[in-house]
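In: Sequence isn't available, so here's the structure alone:
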């Protein structure tokens, strides 16, 4: 399935970013073979980059502090967004779900949410609908 999805540029970026990180790490992690494994590695990688522990592998359940809270809030935003068929979110939406706007630009938020600015407003969306679905599933 990853071969088929790599025709989508943002998925190719997620795959390349994740694979590069896995290959550069000193652990013997297996390569992701499914979308679920890919997104789990991707979110762990993004969270790990924001954690003070360095290159030590981080599992979702080991996240603490702001990244754990941000992951939960992103999952909640994704879940309720899917229920309401909402795929773009305002800054007010992010605040309503407890997402710190500064954290969306670093660590776990970077690469997960895409910021789009216009003359009228700033909106956010998940990098891809399948990533929104994955995060919604982690919340549910």
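Out: The structure has been received and is ready for your questions. Predicted, not measured: the structure shown is a model, and the values here were computed from it. Numbering: from 1, shown residues only.
In: Show me the shaky parts of the protein.
Out: Across the chain, the ranges flagged by pLDDT under 70 are 1-2, 49-66, 103, 106-109.
In: just the helices in it please.
Out: 2-5, 9-24, 35-50, 65-83, 91-96, 129-139 (DSSP state H).
In: Which one of those helices lies nearest to residue 111?
Out: Closest approach to residue 111 among the helices of the chain is made by helix 35-50 (5.7 Å; C-beta to C-beta). All C-beta spots, glycine's among them, are computed from the backbone N, C-alpha and C.
In: List the buried residues of that closest one.
Out: Across helix 35-50, burial judged by 16 or more other C-beta atoms under 10 Å covers 35, 38-50.
In: Give me the neighbour count for the residue nearest to residue 132 when sequence neighbours are not counted.
Out: What sits nearest to residue 132 in space, not counting adjacent residues and going by C-beta to C-beta, 6 or more residues apart in numbering, is residue 126, at 3.9 Å. By other C-beta atoms under 10 Å, the residues close to residue 126 number 24.
In: now swap in residue 130 and tell me
Out: Neighbourhood size, residue 130 [other C-beta under 10 Å]: 18.
In: How much space separates it from residue 136?
Out: 10 Å (C-beta to C-beta, to the nearest Å).
In: same deal with residue 21?
Out: Note on residue 21: its distance to residue 136, by C-beta to C-beta, is 24 Å.
In: go on, residue 98?
Out: From residue 98 to residue 136 the distance is 16 Å (C-beta to C-beta).
In: same check, this time on residue 104
Out: In terms of C-beta to C-beta, residue 104 sits 17 Å off from residue 136.
In: Enumerate every residue touching residue 39.
Out: Contacts for residue 39 (C-beta atoms under 8 Å, 6 or more residues apart in numbering) come out as 14, 130-131, 134-135.
In: run the last query once more with 10 Å
Out: The neighbourhood of residue 39, defined by C-beta atoms under 10 Å, 6 or more residues apart in numbering, consists of 14, 18, 32, 112, 127-128, 130-131, 133-135, 137-138.
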